[in-house]
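> quick check, what structure comes out for this input:
(one chain, ligands or ions: 1)
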Amino acid sequence: MSDREPGVPERAQPASSPPPGPAEPPAPVSAMSIHAHPDDQEFTVGGTLAKWARAGTHVVTVCITSGGAGSNEYTPKDMTRERLVVLREEEQRNACRVLGIHEVIFLGYEDGVLEPSIALRRELTRLIRRHRPAAVVCGDPTVRFYGQRYMNHPDHRAAADVALDAVFPSAETRLIFPELLDEGLEPHHVRRVYLHGATTPDTWVDIAEVLDVKLRALKEHRTQMGEWDPSEMITAWSAEQGAARGLTAAEAYRLMILGEDD
Ligand SMILES: [Zn+2]
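Residues are numbered from 1 along each chain as shown. Predicted coordinates:
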């Protein structure tokens, strides 16, 4: 007689262990994390970046807006965009410091109305050529809906779209944005792109050892959190993402492999 009893989940064995996926990719030598708002990075990829930074990856964070629109829940009614921008940039720098990232670049675009413009593509291309990251980390611009409760923010889609277009073909093609050559910026070929928030991820980074660092970094965004403690939600997300690979905490990606590491 089988000791499995259908209908009694707590006695059932898992049908099979998670399929053996590809091994977690090694930390890249250098990475550029590109996001629309202060806190996007900490919500989504903070664990990965903390883990990589500990492994010696040089990480540069690019924040396209400075989050001047805030949040309805936690931004005081008498707050102005100008004052909020100063606070949020400081929070982003503090969060990066917690993750082990020492270089943060703000492009100063307006929060809430970001467009996938050629001007922004040129700016991101310039930064990729200047910093020459082996890997770029950004969102997935193709995802419009997450479940039934969240429609992806238009700034997130625009930021991710432009980041990808800057990686390919702009950063690696000599005669796209030839004015960058005049600035001494030679083409650069990014080897890997990690897209978070993809509906069908294929790569998982185990963040169990740095989950506490991710939570501490996220909490630096005080103007966005108020009294709310994001720990429970983030821990649940990490467990959900890790479940597919039998990990207790993970960040999941669609990985584009555009070349081999040096
Ligand atoms: Zn955001």
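
> any weak-confidence spans in the stretch 1-150 of the chain?
By pLDDT under 70, the weakly predicted segments of the stretch 1-150 of the chain are 1-22.

> distance-wise, check E82 relative to the ion.
With distances taken as CB to the ion, to the nearest Å, E82 is found 19 Å from the ion. C-beta: built from backbone N, CA, C; applies to glycine.

> same thing with I176?
Counting by CB to the ion, the gap from I176 to the ion is 28 Å.

> same question for P178.
In terms of CB to the ion, P178 sits 33 Å off from the ion.

> spit out the contact partners of that residue.
Not one residue lies near P178 by CB atoms under 8 Å, 6 or more residues apart in numbering.

> what of the one 10 residues further on?
Taking CB under 8 Å, 6+ apart as the contact definition, H188 lies against I128, R129, R132, A171, E172.

> and M233, by the same measure?
M233 makes no contacts at all, as judged by CB under 8 Å, 6+ apart.

> so which strand or helix has it?
Per DSSP states H and E, M233 falls inside helix 231-243.

> in that helix, which residues are buried?
I234, T235, W237, S238, Q241, G242 (16 or more other CB atoms under 10 Å).

> ditto for stretch 172-187
E172, I176, F177, L180, L185, P187.

> what is the nearest of the contacts of H188 to Y253?
Using CB to CB, I128 comes nearest to Y253 of those, at 18.6 Å.

> can I get the helix or strand hosting the closest one as CSV, trimmed to CA atoms?
I128 belongs to helix 118-131 when assigned by DSSP H and E. Presented in CSV, the C-alpha positions along helix 118-131 are these (Å, rounded to 0.1, in the frame of the first residue of the first chain):
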residue,chain,number,x,y,z
ILE,A,118,16.4,58.6,-28.5
ALA,A,119,17.8,61.2,-26.1
LEU,A,120,17.6,58.7,-23.3
ARG,A,121,19.0,55.9,-25.4
ARG,A,122,22.0,58.1,-26.2
GLU,A,123,22.5,58.8,-22.5
LEU,A,124,22.4,55.2,-21.6
THR,A,125,24.6,54.3,-24.5
ARG,A,126,27.1,56.9,-23.3
LEU,A,127,27.1,55.4,-19.8
ILE,A,128,27.5,51.8,-21.1
ARG,A,129,30.4,52.8,-23.3
ARG,A,130,32.0,54.8,-20.4
HIS,A,131,31.7,52.2,-17.7
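
> flag every buried residue along it.
L120, R121, R122, E123, L124, T125, R126, L127, I128, R129, R130, H131.

> now those residues as JSON lines including distance to the ion?
Listed next are these as JSON lines, based on distance: CB to the ion, whole Å:
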{"residue": "L120", "distance to the ion": "16"}
{"residue": "R121", "distance to the ion": "19"}
{"residue": "R122", "distance to the ion": "22"}
{"residue": "E123", "distance to the ion": "18"}
{"residue": "L124", "distance to the ion": "17"}
{"residue": "T125", "distance to the ion": "22"}
{"residue": "R126", "distance to the ion": "23"}
{"residue": "L127", "distance to the ion": "19"}
{"residue": "I128", "distance to the ion": "21"}
{"residue": "R129", "distance to the ion": "26"}
{"residue": "R130", "distance to the ion": "25"}
{"residue": "H131", "distance to the ion": "22"}
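
> since that was my last question, I'll sign off now.
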